[in-house]
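Chemist: just need the structure, nothing else, for what follows:
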Amino acid sequence: MSLLSLTALAFGLGLSHPDEAEGRRIPMQEAQLDEMMFEEPIMDHEGFGFAAAQFRLDDMPLGGTTAPTVTPHAGSHGGTLALDAHGVLVLDRDSGKLVRTTRSGEQLASLDFGVGAGELVSDPKHELVYVADRQANKVVRIQAGARSFTVLDSAAIREPHGLALSPDGATIYITSVANHELVALDTQTMHPRWRLELAAEPRGVAVSADGKHAIVGFLTTGAIASVDLGTSPSANYVTLDPAQRVGTDPFSGEFINGAPANFDAPRFNGGDPSLADVKDVGLRFARNTYAVGYIGNDLAIAPHQLSTPHLPSNGFEDTGSYGGGGGFTAPITHRVAMIDAENSFAPSLAFAEIGVHQPRALAYDAGSDTLYLAGYGNDQIMAVAQVSQASIHLSWISVAQSASGACGPDGLAVDGTKLFVHCELDRSLVHMDLATVESLGAPSATPLGASLGPSSRSASAQRGAELFRRGQDHRISTGGVMACASCHAEGRTDGLSWRIEGHNLQTPLLAGRVAGSHPFKWDGKDKDLQTSLSNTVGRLGGSGLSHTDVRDLQAFLESLPQPVPPSTDDAKTIARGKAVFESAEAACSACHDGPTFADGQLHDLAANIGSVDTPSLIGLAHTAPYYHDGSARTLRALLTDKGSIHDMGQTAHLNERQLGDLIAYLESL
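Modeler: Have a look, this model is predicted:
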């Protein structure tokens, strides 16, 4: 797909094609483009194949012919790793510790934080480090000495995650997961300068070299936020979703695999009405944009996942199907977006398909103009050389294997010939020696020392965490394309409805919901969690997991905390909403009762899947869209009878204030 069709969809504007003399984008020779494509087929057990690209640039590069003159500043984006004059700073989310080590791995200092922290960001000039403590709802400013940490002060932020510093270190920018905000703090006083509302599920944030712009990534929004950091901060959204439908002829608009452009779901799907009003059949959706950053010449980088939840597939979806289409369109691929947002109204974009599974960390070396990406799902690290130039190409791809074997890389930091990797799964560091690339073709990897701290999980839950994130495993999915975390990053939801064995079914939230909430699946046919997990693997097309593996997955899921609800200072509104919820007239609590707000019963709601299991309401503020098919886009749409279900509760009599109160209460659960 061309850049023109992408941006025309998002902004209603065309793109010019400046030549080399005018700056960013120049055509490449055919031979150069061919060298960028490193593909190998992934075959499933039935012989259908998906082409997996290690690195394939799908658009013209955004860079020029010379090395960049503008490069990111220290602290331009956060992560779990940072380097300074004293060594390595590591934020280990599992053990809940901030750790100082030497570059050879010797531990020099540690400081306890809550488990499941967000990011750290370092200000090496002032020997400061900032940590997002998601569990304690605060950002902490710390003096980071050679062998000690001194807590200076903190600021209350609702579930902070992403961190980035302004070039002068005077302002720190923080994403609030629970409140869907970007918050700017004065680093001297730790008092807020401003707050900006964002889309749901924000994660990483990065600041441009001139300090005038920031970008924010999201788990469930097919875009990044491009934020103007001027006197009146504002956000524009740059789409990462492809404009062209998958499987369609770009000229006629007809589905290549047989479904016409004016797709009539009941007719095409044998009378199944579940797709009758769906407008996004054949579309792909960008998800799980964890880490974002800037590279040379202020080009922005956003690694992400591309999901294809449902396609007409000519009969291939009877059993063992989960998204994708026809046995040839993979339900999940991974990409990196490169964005030139110099023109905020029509930024230039280029996309590259990448082989790392679930990219969650990045690092950039300005000296060599090389971008490093880490795949949380397959432990792969890749180096993209001359990334901000027209000669962009894959340099190498390798595996960061920790002492225990499974890494789960969630942090990268680079300094000259040294690349450090943080392994979330065994809480350790790996050193990759970049000086060996020329002789070996890829860097040698050396685990550094023992674990940085004890795991907060049980042994069984720890094994389950490793399984949950694992990509490229044929036991879990067809061709190993999908991992549990592909749709349930952090045990949450991707906000999509997937075509599963003939039905559109919404991805449910798992974190904080699964214990004691049986039966499972939207149709309630799985009596317990282990049965549900085994059946899910079958739906994904996996060859199957052992009883022990399934038990470990259950232990991991039951260990996940509930999502943090948005903050509120209006207790009276919440109380009024609770009264409406529990009233006999509204009848909400007749089914949504108990600790999980679910009665464990099936209800005949005239849905296309028959009776529907009562879903838990825990974390409801973070689970849009609603109903089993995702047909209610918002809670207001649900309560005003705008979804596909019309017999749930009695809310037609509620006035506008009562509706607002009820929504506020539901979002507080």
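
Chemist: any weak-confidence spans in this protein?
Modeler: 1-52, 247-281, 312-321, 325-328, 342-345, 605-608, 610, 647, 649 (pLDDT under 70).

Chemist: show me the domain layout of it.
Modeler: 3-273+281-448, 459-559, 571-667 (automatic domain parsing).

Chemist: just how off-centre is the second one within its chain?
Modeler: A distance of 17 Å separates the C-alpha centroid of domain 459-559 from that of its chain, computed with Cα atoms, centre = their mean, to the nearest Å.

Chemist: go on, the first one?
Modeler: Using Cα atoms, centre = their mean, the mean C-alpha position of domain 3-273+281-448 is found 9 Å from that of the whole chain.

Chemist: quick revisit: between the domains of the chain, which gets nearest to P565?
Modeler: Closest approach to P565 among these (Cβ to Cβ): domain 571-667, 5.6 Å. Quick note: C-beta positions are derived from backbone N, CA and C, even for glycine.

Chemist: so which residues of the stretch 501-650 of the chain form helices?
Modeler: With helices called from DSSP state H, counting those that start in this stretch, the stretch 501-650 of the chain shows them at 529-539, 547-559, 571-582, 635-639.

Chemist: can you tell me what sits against the longest one?
Modeler: Contact partners of helix 547-559, identified using Cβ atoms under 8 Å, 6 or more residues apart in numbering, comprise 457-458, 460-465, 467-468, 475, 484, 491, 510-511, 514-515, 529-530, 533-534, 545.

Chemist: about what we covered before: TSV for the domains of the chain, including mean neighbour count and distance to P565?
Modeler: As requested, the domains of the chain are arranged in TSV below (neighbours: other Cβ atoms under 10 Å; distance: least, Cβ to Cβ, whole Å):
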stretch	mean neighbour count	distance to P565
domain 3-273+281-448	20	6
domain 459-559	20	11
domain 571-667	17	6
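
Chemist: can you list contacts of stretch 360-370?
Modeler: 67-68, 71-72, 77, 79-81, 290-296, 301, 303, 371-376, 383-389, 395, 409-414, 416, 419, 422.

Chemist: now for the residue nearest to D228 when sequence neighbours are not counted: which residues touch it?
Modeler: Distances taken as Cβ to Cβ, 6 or more residues apart in numbering put S234 closest to D228, at 5.1 Å, once the chain neighbours are dropped. Neighbouring residues of S234 by Cβ under 8 Å, 6+ apart: L196, V227, D228.

Chemist: among the residues you listed, which ones are in strands?
Modeler: L196, V227, D228 (DSSP state E).

Chemist: could you find the closest non-adjacent residue to the second one?
Modeler: Distances taken as Cβ to Cβ, 6+ apart place A214 nearest to V227, at 4.3 Å, with adjacent residues excluded.

Chemist: ditto for A413
Modeler: L81 (4.0 Å).

Chemist: ok, that neighbour touching L89?
Modeler: Yes - assessed by Cβ atoms under 8 Å, L81 is found in contact with L89 at 7.0 Å.

Chemist: for the residue nearest to A413, what are its contacts?
Modeler: V88, L89, V90, L91, A361, A363, G411, L412, A413, F420, V421, H422.

Chemist: now do the SS call for the first one.
Modeler: Assigned with DSSP: H, G, I helix; E, B strand; the rest coil, V88 falls in the strand class.

Chemist: can you tell me how far it is from S428?
Modeler: 12 Å (Cβ to Cβ, to the nearest Å).

Chemist: could you do P61 as well?
Modeler: Counting by Cβ to Cβ, the gap from P61 to S428 is 36 Å.

Chemist: who's in contact with the residue nearest to the spatial centre of the chain?
Modeler: Centroid check for the chain by Cα atoms, centre = their mean gives N288 as the closest residue, at 1.7 Å. Contacts for N288 (Cβ under 8 Å, 6+ apart) come out as L219, H304, Q305, Q358, S486, A489, D494.

Chemist: spatially nearest residue to it (excluding sequence neighbours)?
Modeler: In this structure, N288 finds its nearest non-sequential neighbour in Q305, 4.4 Å apart by Cβ to Cβ, 6+ apart.

Chemist: can you pull the contacts of that neighbour?
Modeler: Q305 is in contact with A286, R287, N288, I332, T333, H334, R335, Q358, S486, counting by Cβ under 8 Å, 6+ apart.

Chemist: would JSON lines of the residues you listed with secondary structure be doable?
Modeler: As requested, these are exported to JSON lines (three-state DSSP):
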{"residue": "A286", "secondary structure": "strand"}
{"residue": "R287", "secondary structure": "strand"}
{"residue": "N288", "secondary structure": "coil"}
{"residue": "I332", "secondary structure": "strand"}
{"residue": "T333", "secondary structure": "strand"}
{"residue": "H334", "secondary structure": "strand"}
{"residue": "R335", "secondary structure": "strand"}
{"residue": "Q358", "secondary structure": "coil"}
{"residue": "S486", "secondary structure": "helix"}
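
Chemist: nearest to A445, of those residues?
Modeler: Q358 (19.2 Å).

Chemist: doesn't G375 make contact with the closest one?
Modeler: Yes - contact status for Q358 versus G375: in contact at 5.9 Å, counting by Cβ under 8 Å.
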